[in-house]
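Participant: for reference, the sequence and a predicted model appear below.
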Amino acid sequence: MTNENVLSEQIKGSLEQELQAAAAEADVSYLNVMQALVEDKADKYIRSAGVCPCPRCRIDVIALTLSKLPSKYVVLQQADTVPMLSVYENRYSANVLSQLMSACEVVKQHPRHNEDDEKPRGVAFVR
Ligand SMILES: [Zn+2]
């Protein structure tokens with residue numbers, strides 16, 4: 001290896017270290033706390049409202065609920081997730097629960113789990 005190559009290997013090594021340090025420092029992510037709250041509560045309300053527990057109905061309840069709620073994005077350090085969520089839970093749970101309950105009623109009255117068998121719709125999964 002020539003001196004020049006040794007030098008460039010050293011530079012490359014120290015750049016990699018710097019990049020790794022920067023990535024560790026920026027160990028953050030974003031989260032829609034509304035989505036986290038709805039996903040957290042959905043199963044309980046689906047069960048107590050007597051909604052069909054199949055995956056399609058569960059997803060319908062969650063999607064319908066989230067459509068009615070404002071999204072609320074926060075930036076999180078990886079370690080923050082759980083304590084942050086409880087703060088927002090106190091703030092938004094009344095709104096989240098009322099939207100969850102009305103979504104449960106809609107899906108219960110109009111389940112879409114087998115409509116593919118009845119008639120094809122404009123929006124469908126590609127198979
Ligand atoms: Zn169902």
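Facilitator: Perfect, I can see it now.
Participant: and the helix or strand where residue 88 lies, which residues are buried?
Facilitator: In the assignment (DSSP states H and E), residue 88 maps to helix 81-109. Residues of helix 81-109 classed as buried under the neighbour-count rule (16 or more other C-beta atoms under 10 Å) are 84, 85, 88, 92, 96, 97, 99, 100, 103, 104, 107. The way it works is simple: take the backbone N, C-alpha and C, and place the C-beta from them, glycine included.
Participant: give me the secondary structure label for the residue nearest to residue 56 when sequence neighbours are not counted.
Facilitator: Residue nearest to residue 56 in three dimensions, not counting chain neighbours: residue 113, with 4.2 Å by C-beta to C-beta, 6 or more residues apart in numbering. What DSSP: H, G, I helix; E, B strand; the rest coil gives for residue 113 is coil.
Participant: does residue 113 really touch residue 59, like I thought?
Facilitator: No - taking C-beta atoms under 8 Å as the contact criterion, residue 113 and residue 59 are not neighbours in contact, 9.9 Å apart.
Participant: and the buried residues of helix 81-109 near the ion, which?
Facilitator: Applying C-beta under 5 Å from the ion to the buried residues of helix 81-109, one finds that nothing falls near the ion.
Participant: need those residues in a markdown table with distance to residue 45 and pLDDT, can you?
Facilitator: Formatted as a markdown table, the buried residues of helix 81-109 follow (distance: C-beta to C-beta, whole Å; pLDDT from 0 to 100):
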| residue | distance to residue 45 | pLDDT |
| --- | --- | --- |
| 84 | 22 | 69 |
| 85 | 17 | 76 |
| 88 | 18 | 87 |
| 92 | 15 | 92 |
| 96 | 10 | 95 |
| 97 | 7 | 95 |
| 99 | 10 | 97 |
| 100 | 5 | 97 |
| 103 | 9 | 97 |
| 104 | 6 | 97 |
| 107 | 11 | 96 |
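Participant: many thanks, we can stop here.
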